[in-house]
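Colleague: Build me a structure from this.
(one chain, ligands or ions: 1)
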Amino acid sequence: MTESGQDGTDRETFFHAVGGEAVFRKLVHRFYQGVAGDELLRPMYPEEDLGPAEERLTLFLMQYWGGPRTYSEQRGHPRLRMRHVPFTVDRAAHDAWLRHMKVAVDELDLEPQARQQLWDYLVYAAASMVNSA
Ligand code: HEM
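Modeller: Residues are numbered from 1 along each chain as shown. This is a model prediction of the structure:
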């Protein structure tokens with residue numbers, strides 16, 4: 001049997017197991033601090049303010065791991081590969097993205113199994129976003 005938390009989401013999800021929204025906000029905030037100082041990645045972001053991009057990635061990851069479905073309410077079906085087509089995601093961009101993500105994941109101090117699960121997904125997802133040699 002699954003139980004629902006106050007926000008109506010399933011309490012047995014990875015999202016709740018690792019600490020809910022605060023943990024995903026911390027992860028993505030730290031990630032974007034890295035992006036902000038990255039000479040390759042920063043110019044790829046169309047907006048001057050990285051805040052809205054930070055919000056979109058946070059909401060997506062929360063939804064992916066079983067949290068609130070706010071991302072799809074606001075943005076529709078993720079179709080992430082398609083949404084990345086306007087950007088040149090080559091090997092260098094992939095490596096830089098994952099490098100900043102690794103710093104952010106490590107700072108969460110998750111249980112080793114949860115950390116591995118999150119990291120494996122990010123590695124897989126980043127590889128699937130590459131659209132340029
Ligand atoms: C592999 C290297 C990657 C690069 C260089 C990259 C770059 C970008 C850029 C430039 C944007 C536009 C910023 C914005 O307006 O939101 C974006 C959006 C986004 N990216 Fe990535 N990305 C990468 C991988 C990933 C991965 C692995 C995920 C998911 C796990 C992801 C999830 C998203 C999401 C959710 C958005 C916002 C989509 C929307 O609703 O419009 N990205 N990415």
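
Colleague: okay, residue 9: pLDDT?
Modeller: The model reports residue 9 with a pLDDT of 66.

Colleague: Same check on residue 4?
Modeller: 63.

Colleague: swap in residue 28?
Modeller: 98.

Colleague: C-terminal to the one helix or strand it maps to, what's the next element?
Modeller: Mapping residue 28 onto the secondary structure by DSSP states H and E places it in helix 21-36. Scanning forward in sequence from helix 21-36 by DSSP H and E, the next helix or strand is helix 51-64.

Colleague: any idea how far that next one is from the chain center?
Modeller: 6 Å (C-alpha atoms, centre = their mean, to the nearest Å).

Colleague: So which elements touch that helix?
Modeller: Contact here means 3 or more C-beta pairs under 8 Å, 6 or more residues apart in numbering; DSSP states H and E; on that basis helix 51-64 packs against helix 21-36, helix 70-75. To be clear about C-beta, it is placed using only N, CA and C from the backbone, and glycine gets the same treatment.

Colleague: which non-adjacent residue is nearest residue 85?
Modeller: Of all residues not flanking residue 85 in the chain, residue 131 sits nearest, at 6.3 Å (C-beta to C-beta, 6 or more residues apart in numbering).

Colleague: where does the chain have low pLDDT?
Modeller: 1-10 (pLDDT under 70).

Colleague: Quick check: residues of it near the ligand?
Modeller: 41, 44-46, 53, 56-57, 60, 75, 80, 83-84, 87, 89, 93-94, 97, 125-126, 129 (C-beta under 6 Å from any ligand atom).

Colleague: before we move on, back to that, quick one: the residue nearest to residue 85 and residue 86 touch, right?
Modeller: No - under the criterion of C-beta atoms under 8 Å, residue 131 is not in contact with residue 86, lying 9.7 Å apart.

Colleague: Neighbour count for these two, which is higher?
Modeller: Taking other C-beta atoms under 10 Å, residue 131 and residue 86 do not tie; residue 131 has more neighbours (16 against 10).

Colleague: did I read that right, that one in a helix?
Modeller: No - counting by DSSP: H, G, I helix; E, B strand; the rest coil, residue 131 is not found in a helix; it is coil.
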